[in-house]
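Colleague: Got a sequence here, can you build the structure:
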Amino acid sequence: QVQLVESGGGLVQAGGSLRLSCAASGRTVSSYTMGWFRQASGKEREFVAAISWSGVGTSYADSVKGRFTNSRDDAKNTVYLQMNSLTPEDAAVYYCAARPKGGETHDYWGQGTQVTVPS
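Modeller: A predicted model of the protein is given here:
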């Protein structure tokens, strides 16, 4: 089992930055692709970013490309999402999730961290 705990959310003004962290425990996630998803109030959960198990491959939703950066520190069993130039449209609960190497689904999810960007 893998437990994921997100942190770093909060209230930030438009144009500001936040860095989210997702700390894993129970098992090393060095062989997992780690993803970030978000769900705004009244909307479906959507993909934000992912980083491969090797850390070499990253992918981003078009809406966050150039503003968000995904990284991982396997020594700390932690992944990060650096979010810059935040807008009210980025306000949501952000979740991290772990997909095992070769797997098709994210087997483990965190509880989420709230990001608020007032309009």
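Colleague: The closest residue to R72 other than its chain neighbours - how many residues pack around it?
Modeller: Among residues not flanking R72 along the chain, V79 sits closest, at 4.4 Å (Cβ to Cβ, 6 or more residues apart in numbering). C-beta here means a position set from N, CA and C on the backbone, and glycine is covered the same way. Using other Cβ atoms under 10 Å, the number of residues around V79 comes to 28.
Colleague: Beta-bridge partners for V79, please?
Modeller: Legend: beta-bridge partners of V79 under DSSP bridges are C22, R72.
Colleague: Please list all residues in contact with it.
Modeller: Counting by Cβ atoms under 8 Å, 6 or more residues apart in numbering, V79 touches S21, C22, A24, V29, M34, W36, I51, N70, S71, R72, D73, C96.
Colleague: Repeat that for G8.
Modeller: L18, R19, L20, S21, T113.
Colleague: Filter these down to the ones in strands?
Modeller: Counting by DSSP state E, those place L18, R19, L20, S21, T113 in strands.
Colleague: Select from the residues you listed the one having the most neighbours.
Modeller: Using other Cβ under 10 Å as the neighbour test, the ones in strands among the contacts of G8 are led by L20, with 25 neighbours.
Colleague: Can you classify E89 by secondary structure?
Modeller: On the three-state scheme (DSSP: H, G, I helix; E, B strand; the rest coil), E89 is labelled helix.
Colleague: and the closest residue to it other than its chain neighbours, how many neighbours?
Modeller: With sequence-adjacent residues excluded and distances taken as Cβ to Cβ, 6+ apart, E89 is closest to S63, at 7.3 Å. Other residues lying near S63 total 14 when counted by other Cβ under 10 Å.
Colleague: What residues of stretch 62-80 count as buried?
Modeller: In terms of neighbour count (16 or more other Cβ atoms under 10 Å), stretch 62-80 has its buried residues at V64, F68, T69, N70, R72, D74, N77, T78, V79, Y80.
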